[in-house]
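Enquirer: Sequence and predicted structure, then a few things I'm wondering about:
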Amino acid sequence: MTPAEAGAGTSATLAPEPFEIVRRQRPDPAAFEPARDSARRETAPTRWRDLEPALAAQLGYASAPSQAFQARLQAELKLGPELGWVAALGLSYSASSERTAAADLGFRLLAAQAELCPVRVDWARVWLRVCGQLQGGAWHIAVSARDAALETTPSTRLWLALGPSLHAGWPLSQHWSVRALLASSAMLVRDTFEEERVVGGEADEPNVIDRSPLYRPPPLSVDLLLGVGYAF
């Protein structure tokens, strides 16, 4: 082998191999926006469903004031999936009347209820919740006197009560359910409504105002309501 042939072989062996330049393109951030939006849509409703908000509308009987008809609207919210407690705020309107020997009385009660329910029991398709309830508001008394000696005026009094309540529900579908409420409350304020009579007025006798109770709320009241509920 001549030196020329050896040099030629070495040059052929050491010759550089061809190569290609590959350019990498950065991904377009806009391409990921649909996936991010989809994730947001999936995450937000899941968190909202975990709170289990619901509305309930109920009608029924209230023993105070004076065997009343009551209508109640209540909003509920579950305090997280792990705790399992339910907090509720309600607004109720009650109306009743009562006749005494001296006057006809008309009662109107507007009250708000705050409830906290730490216990829930599921049995078959029915669920039960045990709650504590605080309610307060104002009740108005209208008077129609049937005795000429009676001097009365309409009055508005404070209403405040505290006690346990029991809620029951029977689901009809994914959202709708039949609801029942049984509540017992101890009256914290028992303001007595009094009648005034003018006594005397004869010769040499001064007029004397005699006061006697016309109505006083009972120490305990019981509510029994039925209605429907809607879970979001």
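Expert: Alright, I've got the coordinates.

Enquirer: In which helix or strand does the nearest residue to residue 184 once chain neighbours are set aside reside?
Expert: Once flanking residues are discounted, residue 184 sits nearest to residue 163: 4.9 Å by Cβ to Cβ, 6 or more residues apart in numbering. The way it works is simple: take the backbone N, C-alpha and C, and place the C-beta from them, glycine included. Assigned by DSSP states H and E, residue 163 falls within strand 155-171.

Enquirer: Repeat that for residue 122.
Expert: strand 103-123.

Enquirer: Strand partners (parallel or antiparallel) of that strand?
Expert: strand 86-99 (antiparallel), strand 126-145 (antiparallel) (DSSP bridges).

Enquirer: shouldn't residue 163 be in contact with residue 186?
Expert: Yes - between residue 163 and residue 186 there is a contact at 5.4 Å, judged by Cβ atoms under 8 Å.

Enquirer: follow-up on the earlier one: may I see the strands paired with strand 103-123 arranged in CSV, with mean pLDDT and distance to residue 228 as well?
Expert: CSV is the format used below for these (pLDDT from 0 to 100; distance: least, Cβ to Cβ, whole Å):
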stretch, mean pLDDT, distance to residue 228
strand 86-99, 95, 15
strand 126-145, 93, 15
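
Enquirer: want to throw the ones you listed into a markdown table with mean neighbour count?
Expert: Conversion of the strands paired with strand 103-123 to a markdown table gives the following (neighbours: other Cβ atoms under 10 Å):
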| stretch | mean neighbour count |
| --- | --- |
| strand 86-99 | 17 |
| strand 126-145 | 17 |
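
Enquirer: secondary structure class for residue 101?
Expert: Put simply, residue 101 is coil when judged by DSSP: H, G, I helix; E, B strand; the rest coil.
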